[in-house]
Structure formats: structure tokens, C-alpha cells
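> everything below, folded, please.
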Amino acid sequence: MHFNRNAVVDSEGNEEGKIFVGGTSQETNSDHLRFYFCQFGEVEEANIMMDTRTGHSRGFGYVKFKSDASVDQIIRQANHYIVNKYVDVRRSNIHLKGKNRRNLRIFIGGVSLDQSEETLRNYFQQFGKVTDVSLMMDREKRQHRGFAFVGFESESTVFNLIRLHYVQINGKIVEIKALEPPKFDKKTAQPEETRTVKYYTTSVLPNSISPNHYRKKCFHGIINIRL
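Residues are numbered from 1 along each chain as shown. Predicted coordinates for the structure are as follows:
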């Protein structure tokens, strides 16, 4: 399965109708991506990127939609939870391909409740150009969960911040760490080509979506679905 290389790209390098999904677990495969994201619109393709040498997931993937409006809806939603893990979702950008995105992002822990994505961006801009800020939200409490991810244009900026380890933002000490590599369980993980997905959880999906929606827009009628 390959994406069309002649994709429509805007002036900033964003590919129309396509998202990058980072920080996926080793258990997550392409069907999981398709099943989750088809609630936002018709999915044309979904791929988890595999390491051809080891056969293991590289911890990220891409999803292509029929309509760019689906991407807008996804970006507006603060959190996305797939196979027991919050994932990083952004527009796919041709300028970042070939770079290790994990090396361009840091984890920020101990963020006070009065902080927002805007205040974090304003603070970290003093260290280098900030590309994105993701403050993880708790939907039930309607407040953030005390940690965030910040992306930068330069790996040297990330390296310098990790060396600092702790910084003070508006009187509160926060911790800076590198993103951890995805964990691999040798007993359960397999190359994507040999995995068989029999069951999916539907707890994250709207009750208003019918089984026919998944047959037509996710798996094109090849499986039986019960909600």
C-alpha cells in the first residue's frame, strides 16, 4: 500500500487530506488507524510505517482522507487515543519527511493548570522556533492533565532544552525530557503482515455511527461488525 506521491501541497508544505500519527504503540497496526479515524470521514489509505530490517513498527504512521475537511476536524479535537495510548496527530508535512520527528519534540511534565498551549509556545520561543504545542487534555474534568509536548524546528534546540532538564514557567518548575522510544514486547508483538485483528474496542467511537459506516468507509464491506 503506497500513498500518491503527487499529493496536493499548500504553501507551508502540508499535504491535503493527510495526517501524520506519531507515538503509536507496537501493537497498533494499519487497520487500527483506519478503524479509529474513519469516524471523521472516508479513509482512502492508512499505513503504519514498518522497519524493514526488524519487521517492527517504527512508532508512527499516515492516514489519507478523501476530504481535507476530515483533517480539519481531527486537528480541532485535542486528544486521540488508539490502542491504549495517546498519539500525536498533525498534518503531514513534506518538509519534515526524512527527519526523526521524535528528535524534534520534548515532553514537558508538571505543567500548572493556569498554563495553555499559547503560554507554553510563548515561553519556549526564546529557545528556538516552535513548530507545535500539544497540551494533553482530560475530557471529563475539562482541564489539561499536567503535561505537554512541544515541537521545534531544530534538533539542537531540543538537545539544549533536554540538558537543562528543569525550567521555571511563571513561578512553577517543570521537567523537560526526551520522548521515550516505543516499547516493544517480544512476546506479543509481531510484524504487521502476520497480525490478525479480530476485535476492536468501540468505546472511543460515537454511538451514532452505524456498522454500515465502517463497512463502507473503513473496510469496504470485507468484515462483519457489531457495535
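
> all contacts plus neighbour counts: C-alpha atoms, from now on.
Noted.

> how near is the residue nearest to the spatial centre of the chain to Ser134?
Centroid-nearest residue in the chain, with C-alpha atoms, centre = their mean: Asp88, separated by 2.4 Å. The spacing between Asp88 and Ser134, counted by C-alpha to C-alpha, to the nearest Å, is 8 Å.

> what's the spacing between Lys172 and Val158?
20 Å.

> in three-state terms, label Asp31 for me.
Taken by DSSP: H, G, I helix; E, B strand; the rest coil, the conformation at Asp31 corresponds to helix.

> please disregard the earlier target; I meant Ser156.
Under three-state DSSP, Ser156 falls in the helix class.

> for it, grab the count of nearby residues.
14 (other C-alpha atoms under 10 Å).

> need the pLDDT of it.
pLDDT, Ser156: 83.

> going forward, count from 193.
Will do, 193 is the new start, and the previous item becomes Ser348.

> may I have the beta-bridge partners of Val325?
In this entry, Val325 is beta-bridged to Val342, by DSSP bridges.

> what sits against it?
Contact analysis of Val325 by C-alpha atoms under 8 Å, 6 or more residues apart in numbering lists Glu309, Leu312, Arg313, Ala340, Phe341, Val342, Gly343.

> from Phe232, how far off is it?
Counting by C-alpha to C-alpha, the gap between Val325 and Phe232 amounts to 22 Å.

> which residue of this structure lies farthest from its centroid?
Gly363 (30.5 Å).

> so what does it have for phi and psi?
In terms of degrees, to the nearest 10, the main-chain angles of Gly363 are phi 80, psi 0.

> show me the contacts for it.
Counted by C-alpha under 8 Å, 6+ apart, Gly363 has zero contacts.

> with Ser304 instead?
Per C-alpha under 8 Å, 6+ apart, neighbours of Ser304: Gly338, Lys364.

> so where is this structure shaky, pLDDT-wise?
193-199, 203, 286-295, 372-419 (pLDDT under 70).

> would you map the strands across it?
With strands called from DSSP state E, the chain shows them at 206-214, 235-242, 249-257, 280-285, 297-301, 322-330, 335-344, 358-361, 364-370.

> residues in contact with the first one?
Taking contacts as C-alpha under 8 Å, 6+ apart, the residues outside strand 206-214 that touch it are 199-202, 251-263, 279-286.

> now do it against strand 235-242, angle only.
50 degrees (axes from the mean of the first three to the mean of the last three C-alpha atoms, to 10 degrees).
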